[in-house]
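Student: Quick one, what's the 3D model for this:
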Amino acid sequence: MNDGGIGDITRKVTAATGGRRMRRLRQNDWSRRLVRETQLRTDDLIWPIFVREGAGAAEPVSSMPGVDRLSVEGCVEAARRAEDLGIPVVALFPYTQAADRDERGSAALDPNNLVCSATRAIKAAVPGVGVLCDVALDPYTSHGHDGIVRDGRIVNDETVEILCRQALVQAEAGCDIIGPSDMMDGRVACIRDALDGAGLTDTMIMAYAAKYASAFYGPFRDAVGSSGALKGDKRTYQMDFGNSDEALREARQDIAEGADMIMVKPGLPYLDILSRLARELDLPTFAYQTSGEYSMIMAAAERGFIDAEAAMMETLGAYKRAGASGVLSYFAPRAAERLRS
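Tutor: Here you go, the predicted model:
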């Protein structure tokens, strides 16, 4: 094309854009950073950790490349790493052997169970790192459900009574944030009342307000040892993926019952839900990048289909762009390293 042609195109482009060439701000790394609307920081990350019995080396989770089950001492070392990286909170989940499970999830109430032991050890060694503990019975029940089963049904109120006792055990061990993930009705109010009644008024609650019955939990169930135990599914208490208004009602109910923070789980398939709750409700709102989301990225990266580092940062950025106050992610230490560099 001759110079006259280029000049003509330039005039047409200028007229079409009104002189606003959007690519100007994208042409340099420094200019892209200067005008970036959404910033991911290490302060936005919560690191989920799986704790197991015994000592010794980390035990890889086969369905989650790069994720291990850690001993209690290993959890302490992970918390030290989190502190060094600037990650504010670690979340603890137990790997429970089949022999330690029963119909009522009794091990959840043991003050010396894995989660409580790891919590005490972390708070003694690394007090500046927050500890989030999951409140649900599925890591402890022989049937793999989050509550008590009666005649094939998960019963709500009897389950809530046990969840309150579980929350108390965890808080007394030093847990900073209680995370009810069970999706039973009224559990936030009852847990808040139990904590306050025990003088544990400073213990925070991050309610899994919109937790959907999802296909993205499979690797997590493997990691905590419940994948083979689960009988049936969880659709009578976890949410239907077709619903959005229901998520708003659930979240408003949890807020009214005393939740300090709320969460959407899974994350990427429910960015619309996350955005809606973050926009319409005046409370810190978190997203959980689930095991299935993590493992999809890692499996695709291992096959050479995608760049794991790029996909990690893009997806974490998507949560923040949608309005998340923070993200629970198995990528947390890897992302923090990337952010520091």
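Student: CA only for contacts and neighbour counts going forward, please
Tutor: Will do.
Student: can you map out the helices along the stretch 1-150 of the chain?
Tutor: 3-17, 29-34, 72-85, 114-125 (DSSP state H, counting those that start in this stretch).
Student: now the third one and helix 114-125, what's the angle there?
Tutor: Angle, helix 72-85 to helix 114-125, by axes from the mean of the first three to the mean of the last three C-alpha atoms, to 10 degrees: 50 degrees.
Student: gap between helix 72-85 and the chain center?
Tutor: When distances are taken as C-alpha atoms, centre = their mean, to the nearest Å, helix 72-85 is centred 18 Å away from the chain's centroid.
Student: Give me the buried positions along that helix.
Tutor: Within helix 72-85, the residues scored as buried using 16 or more other C-alpha atoms under 10 Å are 72, 73, 74, 75, 76, 77, 78, 79, 80, 82, 83, 85.
Student: how near is the first one to residue 321?
Tutor: It stands for residue 72. 35 Å (C-alpha to C-alpha, to the nearest Å).
Student: thinking again about what came up before, can you redo the buried residues of helix 72-85 as a markdown table with distance to residue 243?
Tutor: Converted to a markdown table, those look like this (distance: C-alpha to C-alpha, whole Å):
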| residue | distance to residue 243 |
| --- | --- |
| 72 | 39 |
| 73 | 42 |
| 74 | 40 |
| 75 | 37 |
| 76 | 40 |
| 77 | 41 |
| 78 | 37 |
| 79 | 37 |
| 80 | 40 |
| 82 | 36 |
| 83 | 38 |
| 85 | 37 |
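Student: how about residue 136, what does it touch?
Tutor: If you count contacts by C-alpha atoms under 8 Å, 6 or more residues apart in numbering, residue 136 has them with 146, 147, 163, 180, 181, 182.
Student: Neighbour-wise, which one of these leads?
Tutor: Within these, most neighbours by other C-alpha atoms under 10 Å means residue 147, with 29 neighbours.
Student: Give me the contact list for stretch 280-292.
Tutor: 64, 215-220, 252, 260-268, 274, 277-278, 319, 323-330.
Student: of these, buried ones?
Tutor: 64, 216-220, 252, 260-268, 274, 277-278, 319, 323-330.
Student: Which ones among the residues you listed map onto helices?
Tutor: Among those, the ones falling in helices (DSSP state H) are 218, 219, 220, 252, 274, 277, 278, 319.
Student: how near is the closest residue to the fourth one other than its chain neighbours to residue 338?
Tutor: Leaving aside its sequence neighbours, residue 252 sits nearest to residue 281 (C-alpha to C-alpha, 6 or more residues apart in numbering; 7.7 Å). When C-alpha to C-alpha is applied, the distance between residue 281 and residue 338 equals 31 Å.
Student: hang on, the earlier thing: what are the phi and psi values for the residue nearest to residue 252?
Tutor: phi -120, psi 140 (degrees, to the nearest 10).
Student: same question for stretch 225-243, mean pLDDT?
Tutor: Per-region confidence: stretch 225-243 scores 91 on mean pLDDT.
Student: how about that stretch: buried residues?
Tutor: For stretch 225-243, by 16+ other C-alpha under 10 Å, it's 225, 226, 227, 229, 230, 234, 237, 238, 239, 240.
Student: Same check on stretch 330-341?
Tutor: Within stretch 330-341, judged by 16+ other C-alpha under 10 Å, the buried ones are 330, 331, 332, 333, 335, 336.
Student: so which of the helices of the stretch 1-150 of the chain gets nearest residue 294?
Tutor: helix 72-85 (18.8 Å; C-alpha to C-alpha).
Student: re earlier: what would the contacts of residue 136 look like in TSV with distance to residue 51 and pLDDT?
Tutor: Output for those, formatted as TSV (distance: C-alpha to C-alpha, whole Å; pLDDT from 0 to 100):
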residue	distance to residue 51	pLDDT
146	19	95
147	21	95
163	20	98
180	18	98
181	18	97
182	20	97
